[in-house]
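> predicted model, plus sequence, below.
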Amino acid sequence: MSFRTLDDLDDVHGKRVLVREDLNVPMQDGHVSDDTRLRATLPTVTELADKGAIVLVLAHFGRPKVPSPDFSLSRIVRAYEDVLGRQVRYVDWEGDLDNVAMLQPGDIAVLENTRFFGGEEKNDPAVVERFARLGDIYVNDAFSAAHRAHASTEGLARVLPAYAGRAMQAELEALEKALGNPERPVAAVVGGAKVSTKLDVLKNLVGKVDHLIIGGGMANTFLAARGVNVGKSLAEHDLADTALEILDAADRANCTVHLPYDVVVAKEFAANPPSLRTCNVHEVAADEMILDVGPAAVEALADAIKNCRTLVWNGPLGAFETPPFDSATVALARTAAALTEEGSLVSVAGGGDTVAALNHAGVADDFTFVSTAGGAFLEWMEGKELPGVKALES
């Protein structure tokens, strides 16, 4: 896809630029407890401010039913100043035009929660107009909100000159390398608890990748569909027919599906349980549950990835939060990271659990790109069109 970026913006000095960012940060005891999303805005916001733009940051915060101080973006201004290293002003929706008119070139202001307008999430033209009157240019830098056709994510791009910010640009370029126009062969790791939450992902990927690695509780559903007794393991037995349909579709598309053939099992789900053992997938006892992929299977998966040029990863291979059921995820993630560092693999990962797992493995910084977006990344993997991205196409 082709879209305009900040490189296509000419002189912005004195122009009011509405920048949609993701400032929906976690709070604890009234303070920002994780400033990752704030830091992600730095390249776009500082570049525009340094060029003399009047930067007006649009964002939502939580899911307020009605305007409330608990959901006011004024709460994050001090933390945002610390991250940016410069003054950040706060503009309430009362008297917003007058307050914006007082801003000078190079100033940065955070506008109040966009969701304080009931029509924001409905993409109400009146709300779009209310936002648009404040700015001359629109920049969308929030990929994590791009799967929503809201006034601040899609509507504004239809009425103002629209551009992708630096974070959005990096995300879209990485995703294009991963599935849009990837170097082949392509492998995808899809893990997590339930097949039902990723049916569309799996159906889309079998037609796009050469190797599909299925892990987590999802793998148990596929194993059970093939007649394997998975004991007390988490599995969606009612989706057996769907699992078989996905496997048939993969065969028709010449996509190799990798399911574990040795597994780590236990009779109880707890850290380092006494009943822990590794066995062939056909040797799982009726009172045991599969909690991770076994070492032999991980070694085979590593060999498969070594023969690939591109890797897309969403979801852990086992119950990685509880040791030792993090072993497979950590081992395969470190293999992917090493291949990326040596330049033989483009690795793109995304989703909350995935980011946590890669951080746990100590390799998040070694992947080509790690997306912090949840729903948007998943919908992209499903092959769906993202309204906030579509609106930026040039």
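Now that the structure is in, tell me what you want to look at. Numbering: from 1, shown residues only.

> contacts and neighbour counts: CA atoms only from here.
Fine.

> show me where pLDDT drops low in the stretch 1-150 of the chain?
Segments of the stretch 1-150 of the chain classed as low confidence (criterion: pLDDT under 70) are 1.

> where along the stretch 151-300 of the chain do the strands fall?
Under the criterion DSSP state E, counting those that start in this stretch, the stretch 151-300 of the chain contains strands at 162-164, 186-190, 211-214, 256-258, 262-266, 277-280, 289-293.

> make a markdown table out of the ones you listed and add mean neighbour count.
Formatted as a markdown table, the strands of the stretch 151-300 of the chain follow (neighbours: other Cα atoms under 10 Å):
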| stretch | mean neighbour count |
| --- | --- |
| strand 162-164 | 27 |
| strand 186-190 | 25 |
| strand 211-214 | 23 |
| strand 256-258 | 17 |
| strand 262-266 | 25 |
| strand 277-280 | 16 |
| strand 289-293 | 28 |
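
> and those strands: which comes nearest Ala331?
Closest of the strands of the stretch 151-300 of the chain to Ala331 is strand 289-293, at 10.6 Å (criterion: Cα to Cα).

> which strands and helices sit next to the closest one?
Judged by 3 or more Cα pairs under 8 Å, 6 or more residues apart in numbering; DSSP states H and E, the packing partners of strand 289-293 are helix 216-225, strand 262-266, helix 327-341.

> how about 10 Å then?
With contacts taken as 3 or more Cα pairs under 10 Å, 6 or more residues apart in numbering; DSSP states H and E, strand 289-293 sits against helix 216-225, strand 262-266, strand 277-280, helix 327-341.

> contacting residues around that strand?
Strand 289-293 has contacts (Cα atoms under 10 Å, 6 or more residues apart in numbering) with 215-217, 219-220, 230-235, 259-269, 276-279, 281, 284, 316-320, 322, 324-329.

> distance to Val32 and mean pLDDT added to the strands of the stretch 151-300 of the chain, as JSON lines?
Shown next, in JSON lines, are the strands of the stretch 151-300 of the chain (distance: least, Cα to Cα, whole Å; pLDDT from 0 to 100):
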{"stretch": "strand 162-164", "distance to Val32": "26", "mean pLDDT": "98"}
{"stretch": "strand 186-190", "distance to Val32": "31", "mean pLDDT": "97"}
{"stretch": "strand 211-214", "distance to Val32": "36", "mean pLDDT": "98"}
{"stretch": "strand 256-258", "distance to Val32": "41", "mean pLDDT": "98"}
{"stretch": "strand 262-266", "distance to Val32": "39", "mean pLDDT": "98"}
{"stretch": "strand 277-280", "distance to Val32": "42", "mean pLDDT": "98"}
{"stretch": "strand 289-293", "distance to Val32": "34", "mean pLDDT": "97"}
